[in-house]
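J.: Show me the folded form of this:
(chains A and B)
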Protein chains: 2
Amino acid sequence: MPTSRRHRSLPLVAIGSGRAGGQASLSEIGEFGFLERLRRLRIPRRGVELGIGDDCAVVRAGRRRLLLTTDALVENVHFRWAWDTPAGLGQRAFAVNASDIAAMGGAPRFALLSIVAPRTARIARLEGIVRGFVAAARESGCALVGGNLSAGPHWMISVTLVGEPFGTPLRRSGARAGDHVYVSGVLGAAAFGREILLRRRRGSPRQTLAFRRPRARLDVGEMLARTRSASAAIDLSDGLVSDLGHVCRASRVGALIDPEKLPFAPPLLRLAKDERLALALGGGEDYELLFTIPPGRVRRLEESARARSLAVTNIGRVTRGRGIRLAGASRPSSAVFAGGFDHFRR
Amino acid sequence: MPTSRRHRSLPLVAIGSGRAGGQASLSEIGEFGFLERLRRLRIPRRGVELGIGDDCAVVRAGRRRLLLTTDALVENVHFRWAWDTPAGLGQRAFAVNASDIAAMGGAPRFALLSIVAPRTARIARLEGIVRGFVAAARESGCALVGGNLSAGPHWMISVTLVGEPFGTPLRRSGARAGDHVYVSGVLGAAAFGREILLRRRRGSPRQTLAFRRPRARLDVGEMLARTRSASAAIDLSDGLVSDLGHVCRASRVGALIDPEKLPFAPPLLRLAKDERLALALGGGEDYELLFTIPPGRVRRLEESARARSLAVTNIGRVTRGRGIRLAGASRPSSAVFAGGFDHFRR
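T.: Below is the predicted model of the structure:
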């Protein structure tokens, strides 16, 4: 039985016909290793503005652009029943998907919910999941329009959201050297909460809420899209370093982060510095947004964030070259940079 | 470990707040029992033309209508690795979802593929699934635009398709007394093939293809939508009696089927009559379309089917009242009517 793993959304890259290494297992080469081996197949491009590889796909339906994203929560991998109520889990299933819509600067409109449940499952659990999901979706103006229920050995909750962008969808690939790196909200609260649930750390049940009940930053994504202030954006699911790494690779740039500027979640403030940094930079699942702002648009961003009472923090700069560096550190600490979570490696 | 179960797509009905019986298990009340207990939650309707309960949801994006559907294949529930290649499985995963788009009279445009795989999974399997899926999608002009890969104890393949209707989407609810009941293609081939795979029956590997590699009848759905000939439609996933039952309930009508007119698949012709009927009426997974045609449009339907070389067969009539009857039978045979497949009951 796998131990708890935090959730991550992996863009599935189309696969080439390469056979070398086909006998390897996912745990041997890892999820990222697998992705690196994949090559694009010939996929029809009609109506596809942005395919596999960002938080959402962008497609066209007539004149409208649509955002499409899918993600799954697996029992004992992404969640444990001991950790939350079924309704809480339903809420989480919506939020982690809506976060991908937020990162593209859109609003979720339509949801599909596919549940696999054991034959012995209590109806109350199923009802609770759907109720929590629908309530969270409704709060965001999103309608559950379809779904599927199948029997299976373990619980699995798979969600697809269809969203609409406010203006031009935000991508990972637009960051340029000199842009400022920002995050919304605070960092490390979810990782701190997860460690409490895993009994690796003491804390109150309230402190686990950031992990159990994340909220998609649809407000931040809407602001970025409407004000056209961001050059790139991503949601913080894997961890700041890992997710910033996705932006840097997609944009062919590097980044310099100032640890002194990081907006640590309150529970982290009493921790030792290295521990605090590890949780904030590598912890993941905060579902805040990370985005880059060209120097000429910093004022616009800061003013619109203030006007909307949204907390955003400048944590560093985009640089030429590759790699992510920490200011004041000649080379990255392995504790901090262990954040590139990979499902298939332990 | 559950034994093999054939695939079925279950429209997930929104859940009310009823608590009575929440401690019951899915296996006790069954999937349909669960659905009957569900009541609609207050779901935002903006842009939703048709919500939960048909083969697809119908939503609006600007002036365009979109069809949305999702379905999952679970290892040892819907498929066994011994039965087909990974690419064959990927092809099947696309087809069973595309069939829902076909039943609404549309074409699949964009696909999302979410895979749960064990950590020990061989890369070749994953590649094969995606390759088969993409190939089948491409053949239908559909693009894989996103996906997700998660670790889990068992394989699970969850698919979401976004489609576009040719004209007004076909629904289950439009059948009227006096309409003719039609099916496309032949019946029972998939059930016959499944029984070979389960070693309940002898037959050639070729005869299992109808089960392992169904093809969505996108051609039939397009014809029905373009010629505006059908009053209702559904795809044959659960079995003819069960699926016709869905149409009858949604349309508040009954039906009279003439067993003499059923287009039996060739392998069924050498079977005893009862066995043949059971497979054709209750077997399921043929993924042909069942549709109803008002008397005034029968000629149009027959002519357009002939012009497109599509085999369609008139198998009975829609009647007043409720229930499905077989011509020549005073009451339904339990063998025949055991077709209402329910995942959660054995």
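J.: any idea how far the spatially most central residue of chain A is from chain B?
T.: Note on chain A: the residue nearest the mean C-alpha position is A:Ser237, at 3.1 Å, using C-alpha atoms, centre = their mean. Distance from A:Ser237 to chain B, counting by C-beta to the nearest C-beta, to the nearest Å: 11 Å. C-beta coordinates here come from the backbone N, C-alpha and C atoms, glycine included.
J.: So A:Arg215 sits against A:Glu288, correct?
T.: No. Using C-beta atoms under 8 Å, A:Arg215 is not in contact with A:Glu288; the gap is 9.6 Å.
J.: These two: which is more packed in?
T.: A:Glu288 (31 against 20; other C-beta atoms under 10 Å in any protein chain shown).
J.: Who are the contact partners of that one?
T.: By C-beta atoms under 8 Å, 6 or more residues apart in numbering or on different chains, the residues touching A:Glu288 are A:183-187, A:217, A:220, A:235-236.
J.: What is the helix or strand where A:Leu301 lies packed up against?
T.: Under the criterion of DSSP states H and E, A:Leu301 resides in helix A:298-307. Packing contacts for helix A:298-307, counted by 3 or more C-beta pairs under 8 Å, 6 or more residues apart in numbering or on different chains; DSSP states H and E, involve helix A:218-227, strand A:312-319.
J.: Go again with 10 Å.
T.: If contacts are counted by 3 or more C-beta pairs under 10 Å, 6 or more residues apart in numbering or on different chains; DSSP states H and E, helix A:298-307 sits against strand A:180-184, helix A:218-227, strand A:289-293, strand A:312-319.
J.: Including mean pLDDT and distance to B:Thr70, could those go into a markdown table?
T.: Formatted as a markdown table, these follow (pLDDT from 0 to 100; distance: least, C-beta to C-beta, whole Å):
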| stretch | mean pLDDT | distance to B:Thr70 |
| --- | --- | --- |
| strand A:180-184 | 98 | 30 |
| helix A:218-227 | 97 | 22 |
| strand A:289-293 | 98 | 27 |
| strand A:312-319 | 97 | 35 |
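J.: looking at the ones you listed, which is buried most?
T.: strand A:289-293 (a mean of 28; mean count of other C-beta atoms under 10 Å in any protein chain shown).
J.: Next, report how far that one is displaced from the centre of its chain.
T.: Relative to its parent chain, strand A:289-293 has a centroid offset of 13 Å by C-alpha atoms, centre = their mean, to the nearest Å.
J.: That strand: partners in the sheet, and parallel or antiparallel?
T.: Strands that pair with strand A:289-293, judged by DSSP bridges, come out as strand A:180-184 (antiparallel), strand A:232-235 (antiparallel).
J.: Out of the ones you listed, the one nearest A:Pro259 is which?
T.: When those are compared by C-beta to C-beta, strand A:180-184 sits nearest A:Pro259, at 12.6 Å.
J.: Please write out the alpha-carbon positions of the closest one in PDB.
T.: What follows is strand A:180-184 as a C-alpha-only set of coordinates in PDB (Å, rounded to 0.1, in the frame of the first residue of the first chain):
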ATOM      1  CA  HIS A 180       9.500  40.000 -11.300                       C
ATOM      2  CA  VAL A 181       8.400  36.700  -9.700                       C
ATOM      3  CA  TYR A 182       5.300  36.900  -7.500                       C
ATOM      4  CA  VAL A 183       3.200  34.500  -5.400                       C
ATOM      5  CA  SER A 184      -0.200  35.000  -4.000                       C
END
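J.: can you map out the helices along chain A?
T.: In chain A, the helices defined using DSSP state H lie at A:26-37, A:86-103, A:123-139, A:189-197, A:209-212, A:218-227, A:240-251, A:273-282, A:298-307.
J.: domain assignment for chain A?
T.: Domain assignment for chain A by automatic domain parsing gives A:45-165, A:180-339.
J.: what comes up buried for the helix holding A:Leu301?
T.: A:301-302, A:304-305 (16 or more other C-beta atoms under 10 Å in any protein chain shown).
J.: Just want the angle from that helix to strand A:289-293.
T.: On the basis of axes from the mean of the first three to the mean of the last three C-alpha atoms, to 10 degrees, helix A:298-307 is oriented at 140 degrees to strand A:289-293.
J.: Enumerate every residue touching A:Gly193.
T.: A:83, A:201, A:203-214, A:265, A:267, A:283, A:285 (C-beta atoms under 10 Å, 6 or more residues apart in numbering or on different chains).
J.: Ok, A:Pro86 next?
T.: The contact partners of A:Pro86, by C-beta under 10 Å, 6+ apart, come to A:122, A:124-133, A:155.
J.: Can you tell me which of those residues has the most neighbours?
T.: A:Phe133 (31 neighbours).
J.: isn't that residue right next to A:Pro108, touching?
T.: No. Taking C-beta atoms under 10 Å as the definition, A:Phe133 is not a contact partner of A:Pro108, at 11.6 Å.
J.: and A:Glu139, what does it touch?
T.: Per C-beta under 10 Å, 6+ apart, neighbours of A:Glu139: A:91, A:94, A:98, A:215, A:218, B:44.
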